[in-house]
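In: no FASTA, just this:
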């Protein structure tokens, strides 16, 4: 059940990411959509490149703090 739920949420987040990137590009900005659960690529040495830690990004953006369980925690 958890895997299926995550799959549905990631698809929705990926769609939103594409829409936001398109809106930014239409206004003359440069944008790169960030996928929810997949790395951007693997280089010739087999190293994952382009991975974005969404939990850390949320913390830096001020959405919440990383809890002891490793999840992003918000007061609400």
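Out: Yes, it's here. What you see is a predicted model, and the numbers here were worked out from it, not measured in a lab.

In: And the helices in this protein, which stretches?
Out: Under the criterion DSSP state H, helices of the chain are mapped to 2-26, 54-60.

In: could I get these as a markdown table with mean neighbour count?
Out: Any C-beta I mention is one placed from the backbone N, CA and C, and that applies to glycine too. As requested, the helices of the chain are exported to a markdown table (neighbours: other C-beta atoms under 10 Å):
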| stretch | mean neighbour count |
| --- | --- |
| helix 2-26 | 12 |
| helix 54-60 | 13 |
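
In: I'd like those as TSV, with distance to residue 43 and mean pLDDT appended.
Out: Listed next are those as TSV, based on distance: least, C-beta to C-beta, whole Å; pLDDT from 0 to 100:
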stretch	distance to residue 43	mean pLDDT
helix 2-26	23	87
helix 54-60	21	86
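
In: Just send those helices back as TSV, with distance to residue 46 too.
Out: As requested, the helices of the chain are arranged in TSV below (distance: least, C-beta to C-beta, whole Å):
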stretch	distance to residue 46
helix 2-26	24
helix 54-60	23
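
In: and stretch 63-75, what's its mean pLDDT?
Out: Taken as a whole, stretch 63-75 carries a mean pLDDT of 92.

In: who touches that stretch?
Out: 55-56, 58-59 (C-beta atoms under 8 Å, 6 or more residues apart in numbering).

In: now swap in stretch 43-60 and tell me
Out: Applying C-beta under 8 Å, 6+ apart, the contact partners of stretch 43-60 are 34, 36, 39-42, 64-66, 70-72.

In: Looking at these, which is nearest residue 7?
Out: Of all those, the one sitting nearest residue 7 is residue 36; the distance, using C-beta to C-beta, is 9.6 Å.

In: Which residue lies closest in space to that closest one, excluding its sequence neighbours?
Out: Using C-beta to C-beta, 6 or more residues apart in numbering and skipping residues adjacent in sequence, the residue nearest residue 36 is residue 10, 3.7 Å away.

In: is it true that the one you found touches residue 16?
Out: No - under the criterion of C-beta atoms under 8 Å, residue 10 lies out of contact with residue 16, with a separation of 10.7 Å.

In: Residue 14: what's it in contact with?
Out: For residue 14, the contacting residues are 33, 35-36, by C-beta under 8 Å, 6+ apart.

In: Good, we can wrap up now.
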